[in-house]
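**Q** got a structure for you, letters missing:
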Ligand code: ADP
Ligand code: MG
């Protein structure tokens, strides 16, 4: 992106992916101190570099999600935070103290970091209470009982303390795993693909629950996922990773509406790109000319240049073209998603864009169509490569 410092548009939640914020939930204070800082961290395994120059600050009380495709370095980043791996280069600080750099390495058990494993890793022979109490080694019996009761209540398992893991559902096991890692009051909680072991329906329910629990506990947390919808819906901020690097960090609306790169735009939801020529007066595309303010943060230096404009499926509308020579393009593919269709339209200049329609509005593959831009917000764009 030409200018990465877009001002997030507070009104731009047209995609319906914005997380619901409950009334009693305090937004994390962006001025608050970072609990955990990664500074130019690189991790190589032999000749393979898993993570390259990652710099990221985790703020007090926030839930930050590392989001990216399989193999992009998410788990490695989490393991570096936990102290399960040592960086090849760079520095990690926890609560303003170095925990990993050239000369220092603090072991995982000394870091005050809690981990929720993908498979929950509960002790099968211990009860729920005993599982949760496992990390409370410094407390006497009375304190332990009190803390366990508090946690059972927090995770919604009061009355189930005596059950063993095999007597609990997947969602309940996840609640126990969360309670167990919260018990010793870690400075930061790390969750690797926390919903991957749950069936699809439970996943949506549990992500709201996990967010509620983390917020009620007031813990700072880093979670990892390859699922963009999950990341956008549970996180205070999202760090999008690609090929071992962080491409963009921001709140969910900002990364979705103002992606800094084509990769981020394409990874977060469906993306099409419309070629456009920028002039002083207008933005000219194959589907029409628009006012320059259509493009977010457009600078004068781009007058005369070609750019690619990001259009999401709900930014466009199709109508049947009365005649072939009046059409903007033709439908090359039709994707049925249940309540809606996504049509892929090849435009006269060869660009392919996608367009979302209600299932009742039916077009045929091969049909000639008009394409109208109906976005009610300005659009992200990238200089043509
Ligand atoms: P993700 O969690 O995003 O799927 P990982 O952090 O697990 O990605 O892996 C990032 C890259 O580092 C991958 O190419 C993976 O093969 C490599 N990698 C991870 N762990 C090791 C290891 N212990 N030894 C060698 N290569 C590794
Ligand atoms: Mg992983």
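**A** Looks like it arrived, so ask away. None of the values given here were measured: they were computed from a predicted structure. Numbers count the residues shown, from 1 in each chain. Ligands and ions are numbered 1, 2, ... in the order given.

**Q** can you list the residues of the stretch 51-200 of the chain near ligand 1?
**A** For the stretch 51-200 of the chain, the residues in contact with ligand 1 under the definition Cβ under 6 Å from any ligand atom are 68, 70, 71, 72, 73, 74, 75, 76. Every residue, glycine included, has its C-beta placed from N, CA and C.

**Q** the second one and residue 225 touch, don't they?
**A** So the one you mean is residue 70. No: with contact defined as Cβ atoms under 8 Å, residue 70 does not count as touching residue 225 (10.9 Å).

**Q** ends of stretch 248-262, what's the gap?
**A** Between the opening and closing residues of stretch 248-262 we find a distance of 11 Å, counting by Cα to Cα, to the nearest Å.

**Q** ok, and for that stretch, which residues are buried?
**A** Neighbour counts using 16 or more other Cβ atoms under 10 Å place 248-262 of stretch 248-262 among the buried residues.

**Q** average pLDDT across it?
**A** Averaged across stretch 248-262, pLDDT comes to 94.

**Q** my guess is residue 246 meets residue 240, correct?
**A** Yes: under the criterion of Cβ under 8 Å, residue 246 is in contact with residue 240, at a separation of 7.1 Å.

**Q** neighbour-wise, which of the two wins?
**A** Each of residue 246 and residue 240 has its neighbours counted (other Cβ atoms under 10 Å); residue 240 has more, 25 against 21.

**Q** isn't the more buried one up against residue 267?
**A** Yes: counting by Cβ under 8 Å, residue 240 does reach residue 267; the two are 6.4 Å apart.

**Q** what do these two both touch?
**A** With contacts defined as Cβ atoms under 8 Å, 6 or more residues apart in numbering, the residues shared by residue 240 and residue 267 are 67, 68.

**Q** quick check: buried residues in the longest helix seen in the chain?
**A** Assignment by DSSP state H gives helix 200-217 as the longest helix of the chain. By neighbour count with 16+ other Cβ under 10 Å, helix 200-217 contains the buried residues 202, 203, 206, 207, 209, 210, 211, 212, 213, 214, 215, 217.

**Q** just stretch 122-135 next, same as before
**A** Buried residues in stretch 122-135, counting neighbours by 16+ other Cβ under 10 Å, are found at 122, 126, 127, 128, 129, 131, 132, 133, 135.
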